[in-house]
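Colleague: Sharing a sequence plus its predicted fold:
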There are 2 protein chains.
Amino acid sequence: MNDKPSVLRPTDDEARQLARQLMAEAPWVALAVLEPATGWPSISRTIIALDEDGVPFILVSALAAHTGALKTDGRCSFLAGEPGKGDPLAYPRLSVQAQAFQVTREHPDFPNLRDRFLNRHPKAQLYIDLPDFCFFRLMPQSGSLNGGFGKAFRLEGQDLVGRA
Amino acid sequence: MNDKPSVLRPTDDEARQLARQLMAEAPWVALAVLEPATGWPSISRTIIALDEDGVPFILVSALAAHTGALKTDGRCSFLAGEPGKGDPLAYPRLSVQAQAFQVTREHPDFPNLRDRFLNRHPKAQLYIDLPDFCFFRLMPQSGSLNGGFGKAFRLEGQDLVGRA
């Protein structure tokens, strides 16, 4: 194999639906940001919820390194989809490249996002009202859905968000 | 809270041991690379094994986007540690920033890494001998271990690898 054959399948509604489902049901995601001092990618575990347009958002503490990184450079990426037993590469996962936008505690959208986040993650009640916590919306720019070996799809931002 | 108190605990042997255990036992990791065209971080799911010095390494296909990214810029990061039931943020995870070094099929270390990888991931037998597959060693530069709320440790590369 000297050529690079395309391993992508044409994006269809089934792929879009699976991608949205992976975001909606993810118990957690791996979030990659750019470390300001070094430009190195840096990953952390975080939990997400979706706003009324399906846009994922995260709750972060000002004390966390990823918060400072996102304020400096909003380019980020997250991986959703949790494998079950057996080969982890046989289970679907979605990688999304997103632009992060902060939603401070004073932002008019904050109360609505707070309600949605608590509905999705009731245990966040323990810290969501601490003064150093805020949200970031992660606006999808593109995505890559891997439904298992040989089932790869490239998605655009509009495939992932917007009311159906 | 206007100041940023340190949430880090002093690194101890227990932290080093947990970090190495998370790498050794990870059924999969989230790998973040830098997308060459955009500089955006990009994440994918991958499986790792450790060489005889505890250095993690991955098996990649030349067809995968992360392979091209790592050849262009070896700065990467991975997240290890899989939550069980309940709050995913209560389970330990390790984030490692690493420099990737390719091990081609012609490299003298290839046969040894191949054996170790198959020992850790027997199902890789299905594709490890395809001509477009090779390894990358991910040499840890630094790490961040989160053992649950309030239990964060900063690790250096030498905390993570090297014979004990």
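Modeller: Structure's in. What do you need?
Colleague: Just give me the residue right at the centre of chain A.
Modeller: Taking CA atoms, centre = their mean, the centroid of chain A lies closest to A:Phe78, which sits 4.4 Å from it.
Colleague: Report the spatially nearest residue to it, omitting neighbours in sequence.
Modeller: Using CB to CB, 6 or more residues apart in numbering or on different chains and skipping residues adjacent in sequence, the residue nearest A:Phe78 is A:Val29, 4.3 Å away. To be clear about C-beta, it is placed using only N, CA and C from the backbone, and glycine gets the same treatment.
Colleague: Roughly how far does the one you found sit from B:Leu79?
Modeller: Distance, A:Val29 to B:Leu79, using CB to CB, to the nearest Å: 10 Å.
Colleague: intersection of neighbour lists for the two?
Modeller: Counting by CB atoms under 8 Å, 6 or more residues apart in numbering or on different chains, the residues touching both A:Val29 and B:Leu79 are A:Arg45.
Colleague: The strand ranked longest in chain A near chain B anywhere?
Modeller: Longest strand of chain A, by residue count under DSSP state E: strand A:133-146. Yes: Strand A:133-146 is in contact with chain B by CB under 8 Å from any CB of the partner chain, via A:141, A:144, A:146.
Colleague: Please apply the same query to stretch A:93-110.
Modeller: Yes: judged by CB under 8 Å from any CB, stretch A:93-110 and chain B are in contact via A:93, A:95, A:97.
Colleague: who does the helix or strand containing the second one pair up with?
Modeller: Translated: A:Ser95. Assigning secondary structure by DSSP states H and E places A:Ser95 in strand A:93-103. Here strand A:93-103 is paired, per DSSP bridges, with strand A:75-80 (antiparallel), strand A:133-146 (antiparallel).
Colleague: So what touches the first one?
Modeller: This points to strand A:75-80. With CB under 8 Å, 6+ apart as the test, strand A:75-80 has contacts from A:22-23, A:26, A:29-34, A:46, A:48, A:56, A:70, A:93-100, A:138, B:30, B:32, B:38-45.
Colleague: make it 7 Å
Modeller: Strand A:75-80 is contacted from outside by A:22-23, A:26, A:29-34, A:70, A:93-100, A:138, B:30, B:32, B:40-43, B:45, using CB atoms under 7 Å, 6 or more residues apart in numbering or on different chains.
Colleague: likewise stretch A:104-113?
Modeller: With CB under 7 Å, 6+ apart, stretch A:104-113 has contacts from A:51, A:57, A:103, A:134-135.
Colleague: what are the C-alpha coordinates of it, in CSV please?
Modeller: Listed in CSV are the C-alpha atoms of stretch A:104-113, where the atom choice follows Å, rounded to 0.1, in the frame of the first residue of the first chain:
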residue,chain,number,x,y,z
THR,A,104,-19.7,33.4,33.1
ARG,A,105,-21.9,33.3,36.1
GLU,A,106,-23.2,36.8,35.0
HIS,A,107,-24.1,35.7,31.4
PRO,A,108,-27.8,35.6,30.7
ASP,A,109,-27.6,32.0,29.5
PHE,A,110,-26.0,30.9,32.8
PRO,A,111,-29.3,29.9,34.7
ASN,A,112,-30.6,27.8,31.8
LEU,A,113,-27.3,26.0,31.4
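Colleague: The lengthiest helix in chain A close to chain B?
Modeller: Longest helix in chain A, counting residues (DSSP state H): helix A:13-25. No: using CB under 7 Å from any CB of the partner chain, helix A:13-25 never reaches chain B; the gap is at least 11.8 Å.
Colleague: And the next helix or strand past that helix?
Modeller: Counting by DSSP H and E, the element after helix A:13-25 in chain order, helix or strand, is strand A:29-34.
Colleague: Any idea how far that following strand is from the middle of the chain?
Modeller: Taking CA atoms, centre = their mean, to the nearest Å, the mean C-alpha location of strand A:29-34 is offset from the chain mean by 8 Å.
Colleague: Kindly report the same for stretch A:74-82.
Modeller: 4 Å.
Colleague: Need the CA coordinates for it. PDB is fine.
Modeller: Listed next in PDB are the C-alpha coordinates belonging to stretch A:74-82 (Å, rounded to 0.1, in the frame of the first residue of the first chain):
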ATOM      1  CA  GLY A  74     -10.500  28.300  22.600                       C
ATOM      2  CA  ARG A  75      -9.400  25.600  20.200                       C
ATOM      3  CA  CYS A  76     -10.100  22.300  21.800                       C
ATOM      4  CA  SER A  77     -11.200  18.700  21.000                       C
ATOM      5  CA  PHE A  78     -13.100  16.100  22.900                       C
ATOM      6  CA  LEU A  79     -13.600  12.300  22.600                       C
ATOM      7  CA  ALA A  80     -16.900  10.800  23.500                       C
ATOM      8  CA  GLY A  81     -18.000   7.100  23.600                       C
ATOM      9  CA  GLU A  82     -17.200   4.500  26.200                       C
END
